[in-house]
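*Asks:* Sequence and predicted structure are below.
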Amino acid sequence: HDEHPIDEKHGKHDEQSRHSCAEAKAKMAEIERKKKQLREQEKSAKIAGLVKDRDNLAHQHKAAQFKMDKQAQQLEEMRKEMLKWKAQALEKDRDKLQKEMNSTHSVLLMEK
């Protein structure tokens, strides 16, 4: 009869430790679940960040391409403008030479 109360106590202790063990397990499982959730969120945040970076880069690339195209266009226009000027200058030179030739020619004619 002496052992019975101890057994009862022991049984209660067992029950308690089993209960706290189950609680601890549940807490651990909860922590693991939260960690997993965080990892998933982190992953999707990383992906979202990468997508955003990619979109930004694509946008920058587009902008740079647009700038380059615009600059190329401006250069082409400047080149055309310069050629026009050169052509005009050459025409002036030609006209001047033509006039000189004409005047020399007429001088030569007059001298004859």
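*Replies:* Right, received. Where do you want to start?
*Asks:* And residue 35, how close does it get to residue 29?
*Replies:* Plainly put, residue 35 is 11 Å away from residue 29 if you go by Cβ to Cβ, to the nearest Å. For glycine as for every other residue, the C-beta is placed from the backbone atoms N, C-alpha and C.
*Asks:* whoops, I mixed them up, residue 108
*Replies:* 115 Å.
*Asks:* before we move on, what about residue 60?
*Replies:* Taking Cβ to Cβ, one finds residue 60 at 46 Å from residue 29.
*Asks:* try residue 82
*Replies:* With distances taken as Cβ to Cβ, residue 82 is found 77 Å from residue 29.
*Asks:* Check residue 41 too.
*Replies:* With Cβ to Cβ as the criterion, residue 41 and residue 29 are 19 Å apart.
*Asks:* what's the answer for residue 91, then?
*Replies:* Distance from residue 91 to residue 29, by Cβ to Cβ: 91 Å.
*Asks:* do the same with residue 51
*Replies:* Distance of residue 51 to residue 29, computed by Cβ to Cβ: 32 Å.
*Asks:* now do residue 67
*Replies:* Remark: distance between residue 67 and residue 29 (Cβ to Cβ) = 56 Å.
*Asks:* what about residue 63, which helix or strand?
*Replies:* Using DSSP states H and E, residue 63 sits within helix 3-111.
*Asks:* For that helix, enumerate the helices and strands it packs against.
*Replies:* The helices and strands touching helix 3-111, judged by 3 or more Cβ pairs under 8 Å, 6 or more residues apart in numbering; DSSP states H and E, number zero.
*Asks:* Distance from the chain centre to it, please.
*Replies:* Distance, stretch centre to chain centre, for helix 3-111: 1 Å (Cα atoms, centre = their mean, to the nearest Å).
*Asks:* switch to numbering from 4
*Replies:* In the new numbering, first residue 4, that becomes helix 6-114.
*Asks:* pLDDT of that helix, averaged?
*Replies:* For helix 6-114, the mean pLDDT works out to 88.
*Asks:* what about residue 39, how many residues close to it?
*Replies:* 10 (other Cβ atoms under 10 Å).
*Asks:* cool, and residue 76?
*Replies:* Neighbour tally, residue 76, other Cβ under 10 Å: 10.
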